[in-house]
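> Any chance you could fold what I've pasted below:
(4 chains)
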Number of protein chains: 4
Amino acid sequence: MHFASDNWAGTHPKIAENLNKHASGFASAYGTSNLDKVVEQRFNEIFEREVAVFFVATGTAANSLAQASVAKPGGVTFAHREAHTIADEGGAPEYLSGGARLHPVDGPLGRIEVDNLKKAMAGYNNVRAGQPMAVSITQLTESGTLYEPGEIAGISAVCRENGLPLHMDGARFANALVSLGCSPADMTWRQGIDILSFGGTKNGCWCAEALVFMDPAGAEAFPYIRQRAAQLFSKSRFIAAQFEAYFEDNLWLDLARHSNTMAGRMADRIAASGNVRLAWEPRGNEIFAIMKNTTAAKLRDHGALFYDQNAPASESHLVGEGETLTRLVTSFATLPEEIDRFGELIA
Amino acid sequence: MHFASDNWAGTHPKIAENLNKHASGFASAYGTSNLDKVVEQRFNEIFEREVAVFFVATGTAANSLAQASVAKPGGVTFAHREAHTIADEGGAPEYLSGGARLHPVDGPLGRIEVDNLKKAMAGYNNVRAGQPMAVSITQLTESGTLYEPGEIAGISAVCRENGLPLHMDGARFANALVSLGCSPADMTWRQGIDILSFGGTKNGCWCAEALVFMDPAGAEAFPYIRQRAAQLFSKSRFIAAQFEAYFEDNLWLDLARHSNTMAGRMADRIAASGNVRLAWEPRGNEIFAIMKNTTAAKLRDHGALFYDQNAPASESHLVGEGETLTRLVTSFATLPEEIDRFGELIA
Amino acid sequence: MHFASDNWAGTHPKIAENLNKHASGFASAYGTSNLDKVVEQRFNEIFEREVAVFFVATGTAANSLAQASVAKPGGVTFAHREAHTIADEGGAPEYLSGGARLHPVDGPLGRIEVDNLKKAMAGYNNVRAGQPMAVSITQLTESGTLYEPGEIAGISAVCRENGLPLHMDGARFANALVSLGCSPADMTWRQGIDILSFGGTKNGCWCAEALVFMDPAGAEAFPYIRQRAAQLFSKSRFIAAQFEAYFEDNLWLDLARHSNTMAGRMADRIAASGNVRLAWEPRGNEIFAIMKNTTAAKLRDHGALFYDQNAPASESHLVGEGETLTRLVTSFATLPEEIDRFGELIA
Amino acid sequence: MHFASDNWAGTHPKIAENLNKHASGFASAYGTSNLDKVVEQRFNEIFEREVAVFFVATGTAANSLAQASVAKPGGVTFAHREAHTIADEGGAPEYLSGGARLHPVDGPLGRIEVDNLKKAMAGYNNVRAGQPMAVSITQLTESGTLYEPGEIAGISAVCRENGLPLHMDGARFANALVSLGCSPADMTWRQGIDILSFGGTKNGCWCAEALVFMDPAGAEAFPYIRQRAAQLFSKSRFIAAQFEAYFEDNLWLDLARHSNTMAGRMADRIAASGNVRLAWEPRGNEIFAIMKNTTAAKLRDHGALFYDQNAPASESHLVGEGETLTRLVTSFATLPEEIDRFGELIA
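Residues are numbered from 1 along each chain as shown, chains lettered A, B, ... in the order given. Now for the predicted structure:
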């Protein structure tokens, strides 16, 4: 019962197989191979426009270099207080952007609230406070919720008014996409997303992260930014090979759909149980559930792996005495049997 | 006839196979898995001491974060003028170390000369000039030459006198090792190397680079430095899996020995030809050869891939009118037939 | 009626006079002159111990380089949400410390609350969140309040438990000192302050800011840090000359006492008026007063200069409909007549 | 006999007097006062166009922030090997520009040679090497020589071809100006200078350095860059007051003329002496003279202050056995009697 994180899963067989297929032979290095070019073209098709795509080593790198690509002196980027880029990246966005500040914005369940965003921005725009530089949202959020396309457009409207680029951290992009049932274009640039951290690693790749500039004109300096950050792979074709298989026959969407389905199955089991309750409605592959400490201990005794989670301040009332908030993450590799076993234990 | 670079080769079958073997199943993320731990232990055995090992995405990352780990305000690192870290890393060492300077030191054929190093250092050590921070050498050098162990000890003596750490860029560590026929310990810490960029990518891995601190005490802050640079893989076990196979039954040494042997075979063919001559004696898997421009063109017409190279100032007299200096690199995947075909073309 | 800021005032005549006295003649540059040395010795006497003193150009430089001097990778400094270093320094502390984060801590009236500090710290100390690096408090605070010596000791106890240095932003150090009636040593190192931004500019100097390390052993790298930040004056003796006069016959304490007395006089006038009320009790030379918008307009029509102030969230209930919170700052140059005139206008 | 450096001199009486004149009274802070505005206007007049002027604390700050204002990822600035910005600024340009590299260019007597500049640039302009970012020249150079206006135009032509801004370090701007007998405009933007470090400190100010953007459009982000570097003075009007007096009745040109005249007088005495010889022809207020070690010792015994200087490699043949190259700097405060006394001692 592996519900600790989707990055505890391995590599999907079709992706592993494609890596093998490309393992032999020679190809030019540093992102110049035919396979790199083919995959770049695939991104164009997927996003229904010409985009600029850059592979990097980690999601943190994608998020951080997104900031670097729009850096300003005294620059301030606005993100949700619980966003990965603020809470989990060890200062990389600040460091790799040359000292930008990340300003935490509040909102329920991992989602920036437009009014809070406006208020946060209002304090800046002078030399002593600093100047707004970008907004970053996460889709799926860290709370397993998501922004409807119209909500993204609402945030991007604030960005446009203030002349700011809008970045999306898409570490779980595919999970959000299949949950919303919309196209990649509809979830991104059509709502005003300028730069996307496109994550494949959590959804069945081994290591496949890309930064996507919806307008290639904004990416002209990025080859230098990536190299300066030591994020240019010599055998880049092996990232490309993962993405090739990932996109083939919509594997990526199938894998995300599976994860989400498993999460839905778990949500059903939780709702049906008397002992555990959903903290809030899950929208992708992350479930937040409240259970007695004793239940959590029992589950772990039986081999279930999952993390406790600090409740955000706004939700702390949900968790009672002797209870804990837990995060349960499904993945492409989650088996229905694991869910069912979990369901039995909490029934 | 692929002689452009050893990073144009792919992944050795045994390494690809081990990646497959570990592709399924779940493992804890961010370098904490059992496999990560097993491989760390292998590094201890290989270096005959307890070392601290950190996987990173690229050789440039290893070199740059080595600098970051010893950074000082106004710090200056000394490296050979043609060192990869000065000539080919796009400012990453400067950026990731927070603005350190790389001071180029001269010496014939890619090797720092001790007297030049001393002279270069003498200009520093005051607030206005800056303070020496580290020395970095490359083994194999960019000229395909190497430092004998005693020569490394000579440079490390200068470091010790000045209280400076000594870093080795080992992008082609294995090629140097089998060429010298000594142990990893004898080529590193026994001669005073403190930090090693240990490269596996050019020698048959897909992406396997590690920074090795010979004294773990010097690495206490490094987990933060790596995370801040966005170089911590979530599915780190897949780097570990590559290294596991790389070290199994001394595969790594066999692969390097093959590369070097192929280079030796090529050197013999060149020496025997009337049309091409060795610029200097190769010591690993990089050959520098001088040929008529017409010969280079003919070779390329027949499908040989290799780069022209600017001769270092000290060697520019070697290259005559109408001639060019070329770099020819062999790899684990080079076939004797490729060499022989090359030999025929220049005979 | 100049109550906009104490840095709108000029230079005290005795300080100007001493600058003149030292204007002619030659002296060695970059902080090495006799006068520099004499003044460094004066700092030792004032703090009753050997300290290390470094002149810098601005208070922001002092605060920022304090952070640089204790920088760690992924480092996080804790300061009050309204602290100058967070709200008014345009990203300098982040930039000059190589990307450190400033984490805002709440507490009433500009003062960090120990429990909030502990809670803020608890979230760090792992690679993904970052590591605590320092705590910074402001004395006088931005709200014109101050920390009692015992309260400083309470914060420093948290620092000690966590192995962190404690910095004091003393832009209005003298105002706090005479208000508390204690010695410089009692307000700093005896309570656990490690590094002090010692400000003279707001209290009658032209440009005289110093960073004081209570333990010189912690300052060994600082000459390099200051030079790297371009903060080493060539004619440093002219900073020294200001400090020499500033300390002579306790001029600095007299000037601060005057400012505070003028603020007290204003507080009395406000308390006595029916139209304006103190938002909270002033402790130094900054008064926060609530008045009708119409009163504020009238005062400005009559030539009073002062700023409106956003009320901190915790105090926003104090300000009624149609009212504004204002900040009124007195200085060494404030005349009783100005206060009296102000008093008449609000009577 | 103070010939150590022009920054050992103090403040010219007229500048000190003007500081006194503005010492009392109130003025708005952070560069917004009337006096600040008046002086900015004076810069426009002096340069015969609208320029953007920013006061900073040191010449190193001006040079470093010039780099910051044109920074690019992987950026490389070209300057003479002996330029202050490379040899004497302790890494500030690298640090404050976010990690740019300074590439040393050779040329006789402190002056960049166009061919060397072109060669140096040719090695860049790709991701792995980095990209050219700016060229910086020094006027007067560190060797006391200067560029003729046409020579500046020659360097700026290379900049234009490569789309690069041209910076001038004018720490001794006035000395160069009166030596050439041309206008500030003719020595700067009319020859293609884009950004100027305008130094007043070495020529009779106490602390007066400015960064001048010949085209204000290039300076839009600079207020943020300066603040982020902690270089914005609160009582900025006292920098303005120095410049006001400095420019009044062309005081600045008179002071520089005096320095240069004193240097000329010294050069004459040296030429007439049998014991000391000029290393090369001085063009401003810096003299490089070669003398026997015994002569240098004798001069110092008699109270002459001056520094020994390492000869640049290209000039080392000038200095014989038992001789030393010395630097002798005159200033606005040098007295003819000092020169004459020096002349007697070497006669």
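
> Count the residues that sit near A:R49.
The number of residues packed near A:R49 is 15, by other CB atoms under 10 Å in any protein chain shown. All C-beta atoms are positioned from the backbone trio N, CA, C, and that covers glycine.

> same question, A:S236
Using other CB under 10 Å as the criterion, the residues surrounding A:S236 number 23.

> Skip the chain neighbours and tell me the closest residue to it.
The shortest distance from A:S236 to any non-neighbouring residue, by CB to CB, 6 or more residues apart in numbering or on different chains, is to A:G31 (4.2 Å).

> quick one: secondary structure of that neighbour?
coil (DSSP: H, G, I helix; E, B strand; the rest coil).

> Now do the contacts for it.
By CB atoms under 8 Å, 6 or more residues apart in numbering or on different chains, A:G31 lies in contact with A:F54, A:F55, A:L232, A:F233, A:S236.

> From chain C, how far off is it?
Distance, A:G31 to chain C, using CB to the nearest CB, to the nearest Å: 27 Å.

> who in chain A is up against chain D?
When proximity is defined as CB under 8 Å from any CB of the partner chain, chain A approaches chain D at A:30, A:68, A:72-74, A:98-99, A:127-128, A:130-131, A:221, A:223-225, A:227-228, A:232.

> Surely A:H302 touches A:L345?
Yes. Counting by CB atoms under 8 Å, A:L345 is a contact partner of A:H302 at 5.6 Å.

> So which of the residues of chain A next to chain D sit within strands?
A:Q131 (DSSP state E).

> Buried subset of the residues of chain A next to chain D as a ChimeraX selection?
To isolate the buried ones among those in ChimeraX, judged by 16 or more other CB atoms under 10 Å in any protein chain shown, type:
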select /A:30,68,72,73,74,98,99,127,128,130,131,221,223,224,225,227,228,232
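
> and the residues of chain A next to chain D near chain B, which?
A:Y224, A:Q227, A:R228, A:L232.

> Turn those into TSV, columns for pLDDT.
Formatted as TSV, those follow (pLDDT from 0 to 100):
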residue	pLDDT
A:Y224	98
A:Q227	98
A:R228	98
A:L232	98
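
> hmm, back to that, just the ones in helices from the residues of chain A next to chain D, please.
Those of the residues of chain A next to chain D mapping onto helices are A:A68, A:P223, A:Y224, A:I225, A:Q227, A:R228, per DSSP state H.

> Go through these and name the one nearest chain B.
A:Q227 (3.5 Å; CB to the nearest CB).

> hang on, isn't the closest one packed against D:Q131?
No. If you go by CB under 8 Å, A:Q227 and D:Q131 don't touch, sitting 10.1 Å apart.

> Name the residues contacting each of the two.
With CB under 8 Å, 6+ apart, A:Q227 and D:Q131 have common neighbours D:P73, D:G74.

> Give me the contact status of whichever strand or helix holds A:G343 with chain B.
Assigned by DSSP states H and E, A:G343 belongs to helix A:336-346. No. Taking CB under 8 Å from any CB as the criterion, helix A:336-346 and chain B are apart, separated by no less than 10.2 Å.

> and that helix, what other elements does it pack with?
helix A:251-272, helix A:293-301 (3 or more CB pairs under 8 Å, 6 or more residues apart in numbering or on different chains; DSSP states H and E).

> could you list every residue that touches the residue in the stretch 201-347 of chain A positioned nearest to chain D?
Nearest residue of the stretch 201-347 of chain A to chain D, counting by CB to the nearest CB: A:Y224, 4.0 Å away. Counting by CB under 8 Å, 6+ apart, A:Y224 makes contact with B:G90, B:G91, D:K72, D:P73, D:G74, D:V127, D:G130, D:Q131.

> These: which two are farthest apart?
Spatially, the most separated pair among the contacts of A:Y224 is D:K72 and D:V127, at 12.0 Å (CB to CB).

> So the closest residue to chain C within the stretch 201-347 of chain A: helix, strand or coil?
As assessed by CB to the nearest CB, chain C sits closest to A:N310 within the stretch 201-347 of chain A, at 8.2 Å. Secondary structure, three-state DSSP: A:N310 is coil.

> so what's the residue lying closest to it once chain neighbours are set aside scoring on pLDDT?
Nearest residue to A:N310, sequence neighbours excluded (CB to CB, 6+ apart): A:L325, at 7.5 Å. As summarised for this prediction, A:L325 has a pLDDT of 97.

> can you confirm A:L325 is in a strand?
Yes. Using three-state DSSP, the assignment for A:L325 is a strand.

> hey, where'd the helices end up in the stretch 101-250 of chain A?
A:114-122, A:149-161, A:173-180, A:184-187, A:222-228, A:237-247 (DSSP state H, counting those that start in this stretch).

> From the contact counts, what lies against the shortest one?
So that's helix A:184-187. Checking 3+ CB pairs under 8 Å, 6+ apart, helix A:184-187 ends up next to helix A:34-47, helix A:149-161, helix A:173-180.

> For the shortest one, which helices and strands make contact with it?
Meaning helix A:173-180. Partner elements for helix A:173-180 (3+ CB pairs under 8 Å, 6+ apart): helix A:184-187, strand A:195-199, helix A:251-272.

> So the residue of the stretch 201-347 of chain A closest to chain C sits against A:T326, correct?
No. Applying CB under 8 Å, one finds A:N310 not in contact with A:T326, separated by 11.2 Å.
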